[in-house]
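1. Show me how the following folds:
(chains A and B)
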2 protein chains.
Amino acid sequence: MSQNKVAGPEIEQLIKLLAKLPGLGPRSARRAALHLIKKKDQLLVPLAEAMGVAVDRIGVCSTCGTVDTSDPCAICADPRRDQATLVVVEDVADLWALERAAAINARYHVLGGTLSPLDGIGPDDLNITGLVERCRVEAISEVILAINATVEGQTTAHYITDQLTGLDVSITRLAHGVPVGGELDYLDEGTLAQALKARTRF
Amino acid sequence: MSQNKVAGPEIEQLIKLLAKLPGLGPRSARRAALHLIKKKDQLLVPLAEAMGVAVDRIGVCSTCGTVDTSDPCAICADPRRDQATLVVVEDVADLWALERAAAINARYHVLGGTLSPLDGIGPDDLNITGLVERCRVEAISEVILAINATVEGQTTAHYITDQLTGLDVSITRLAHGVPVGGELDYLDEGTLAQALKARTRF
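-> Numbers count the residues shown, from 1 in each chain, chains lettered A, B, ... in the order given. Model (predicted):
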């Protein structure tokens, strides 16, 4: 008897697929599968339905690259959004994070990653051409680069800035500084240096 | 805009249900949902199918209480299993753990929990009557209590022993001792005391 085969093939298949979710390993996938089977009516049935709906109806917005049930997505189609500002993010998860913060009422552009020559990810693998095209065609006045403050992210930000040269858009980026609620003691020197440099009047 | 509603209702429903899985919180459920949507063909479609199969075909074995696609389950129906020995476990997860260890080729009896007066769980909430009935009707010679070494588990073990009094079955329990690969320094005094008491010749 192998290490993993203890239940029937249907249950093993469920465990195997659940284990591919981020955050779940083989052990927690077993727990999750058992939980689903035990809570058949309360959880397994509705989750199977929700996944069926997702399979049938969720796709990628051809304008901004986020995922939604409509194309263009609800955000791109929303006339109350500031049409002149685009927030550029690496990933849909970042878009969701900004929407949760509810700090800006603009539209987005999802790159789908960052430039990473080591991983073989070049400009053609990202949705950068689409961004330049939108800046050309739509009346965009500001592009906010809400890209992660990693080496790859900053390389990507510089590349995008180059690509947008000559277009009449102002390019901004998120401020660096101390996270709200953050303790100085736990912050790296780079963040502290940036926070000091960009200090504001109290 | 609320804290959690950033995507459409279909995606939110998927996130909400995923967050109910053990091991996933609201944040990891969002990551999992996004991962599923991005890997639609490789993961979302097969997982939705596997859940559909689970909904349609997986149920509880009316003999031992485990989950399987057949009733009686594959283990109860397996003639190569030792028919005279029953391993009593709290939960299906424990049954799976013992099957992974492949240390015994007997059949099981799943209690579905432990006695816990504080949580309102009494003998009638567990599958104890079923166990007594099996010991009476089937030719059972040994009942191995593979119940967790917690206070509730041990209370349950004592209760079961009382219920089986008068029946011609020998009742055993798992040995206590040092886990294989375990370091003495990290073990509690109770385990060390039991391991010393039950020491064997080298």
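
2. okay, CA-based contacts and neighbour counts for the rest of this
-> Noted.

3. Shouldn't A:Val88 be within a strand?
-> Yes: A:Val88: assigned to a strand according to DSSP: H, G, I helix; E, B strand; the rest coil.

4. In contact with it, which residues?
-> The neighbours of A:Val88, taking CA atoms under 8 Å, 6 or more residues apart in numbering or on different chains as the test, are A:Tyr108, A:His109, A:Val110, A:Leu111, A:Val143, A:Ile144, A:Leu145, A:Ala146, A:Ile147.

5. Tell me, what's the model's pLDDT at it?
-> Here, the pLDDT recorded for A:Val88 equals 96.

6. Low-confidence stretches in chain A?
-> Filtered on pLDDT under 70, chain A yields the residue ranges A:1-6.

7. Try it again at 90.
-> Scanning chain A for pLDDT under 90 picks out the ranges A:1-9, A:23, A:26-27, A:97, A:100-103, A:117, A:139, A:149, A:174-202.

8. That one: helices as residue ranges?
-> A:9-18, A:26-38, A:45-57, A:92-101, A:128-137, A:151-163, A:189-197 (DSSP state H).

9. Same list (those) but as TSV, adding mean neighbour count and distance to B:Gly181.
-> Shown next, in TSV, are these (neighbours: other CA atoms under 10 Å in any protein chain shown; distance: least, CA to CA, whole Å):
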stretch	mean neighbour count	distance to B:Gly181
helix A:9-18	20	27
helix A:26-38	20	19
helix A:45-57	19	39
helix A:92-101	18	41
helix A:128-137	16	53
helix A:151-163	16	42
helix A:189-197	13	41
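
10. With distance to chain B added, can I get those helices in JSON lines?
-> Listed next are the helices of chain A as JSON lines, based on distance: least, CA to the nearest CA, whole Å:
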{"stretch": "helix A:9-18", "distance to chain B": "5"}
{"stretch": "helix A:26-38", "distance to chain B": "6"}
{"stretch": "helix A:45-57", "distance to chain B": "5"}
{"stretch": "helix A:92-101", "distance to chain B": "5"}
{"stretch": "helix A:128-137", "distance to chain B": "19"}
{"stretch": "helix A:151-163", "distance to chain B": "20"}
{"stretch": "helix A:189-197", "distance to chain B": "25"}
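
11. could you dump these to CSV with distance to B:Ile11?
-> Formatted as CSV, those follow (distance: least, CA to CA, whole Å):
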stretch, distance to B:Ile11
helix A:9-18, 18
helix A:26-38, 19
helix A:45-57, 7
helix A:92-101, 11
helix A:128-137, 25
helix A:151-163, 27
helix A:189-197, 35
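
12. Show me the one of the ones you listed that comes nearest B:Val169.
-> helix A:26-38 (30.8 Å; CA to CA).

13. report the angle between the axes of the closest one and helix B:9-18?
-> Put simply, helix A:26-38 runs at 100 degrees to helix B:9-18, going by axes from the mean of the first three to the mean of the last three CA atoms, to 10 degrees.

14. what's the angle from helix A:26-38 to helix B:45-57?
-> Using the same axes, to 10 degrees: helix A:26-38 against helix B:45-57 is 40 degrees.

15. what sits up against helix A:26-38?
-> With CA under 8 Å, 6+ apart, helix A:26-38 has contacts from A:11, A:14-16, A:18-19, A:43-44, B:21-23, B:54-55, B:58-59, B:67, B:92-93.

16. ok, and the closest non-adjacent residue to A:Gly177?
-> A:Ala195 (4.1 Å; CA to CA, 6 or more residues apart in numbering or on different chains).

17. how's chain A carved up into domains?
-> A:9-57, A:67-173 (automatic domain parsing).

18. okay if I get those domains as TSV plus distance to B:Ile121?
-> Formatted as TSV, the domains of chain A follow (distance: least, CA to CA, whole Å):
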stretch	distance to B:Ile121
domain A:9-57	17
domain A:67-173	41
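
19. circling back: figure out which of the helices of chain A is closest to B:Pro123.
-> helix A:26-38 (19.8 Å).

20. then that closest one to PDB, C-alphas only?
-> Presented in PDB, the C-alpha positions along helix A:26-38 are these (Å, rounded to 0.1, in the frame of the first residue of the first chain):
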ATOM      1  CA  PRO A  26      -0.800  16.700   1.000                       C
ATOM      2  CA  ARG A  27      -1.800  16.500   4.700                       C
ATOM      3  CA  SER A  28      -4.000  19.600   4.800                       C
ATOM      4  CA  ALA A  29      -5.600  18.500   1.500                       C
ATOM      5  CA  ARG A  30      -6.600  15.200   3.100                       C
ATOM      6  CA  ARG A  31      -8.200  17.200   6.000                       C
ATOM      7  CA  ALA A  32      -9.900  19.500   3.600                       C
ATOM      8  CA  ALA A  33     -11.300  16.600   1.500                       C
ATOM      9  CA  LEU A  34     -12.600  14.900   4.600                       C
ATOM     10  CA  HIS A  35     -14.200  18.100   5.800                       C
ATOM     11  CA  LEU A  36     -15.800  18.600   2.400                       C
ATOM     12  CA  ILE A  37     -17.200  15.000   2.400                       C
ATOM     13  CA  LYS A  38     -18.500  15.300   6.000                       C
END
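
21. and A:Val88, what are its bridge partners?
-> Per DSSP bridges, the residues bridged to A:Val88 are A:His109, A:Leu145.

22. distance of it from B:Thr63?
-> 58 Å (CA to CA, to the nearest Å).

23. do A:Glu10 as well
-> Relative to B:Thr63, and taking CA to CA, A:Glu10 is found at 20 Å.

24. Surely A:His109 and A:Thr85 touch.
-> No: using CA atoms under 8 Å, A:His109 makes no contact with A:Thr85, being 10.1 Å away.

25. Compare neighbour counts for the two and give me the winner.
-> A:His109 (28 against 21; other CA atoms under 10 Å in any protein chain shown).

26. for the more buried one, what are its contacts?
-> A:Thr63, A:Cys64, A:Gly65, A:Thr66, A:Leu86, A:Val87, A:Val88, A:Val89, A:Leu131.
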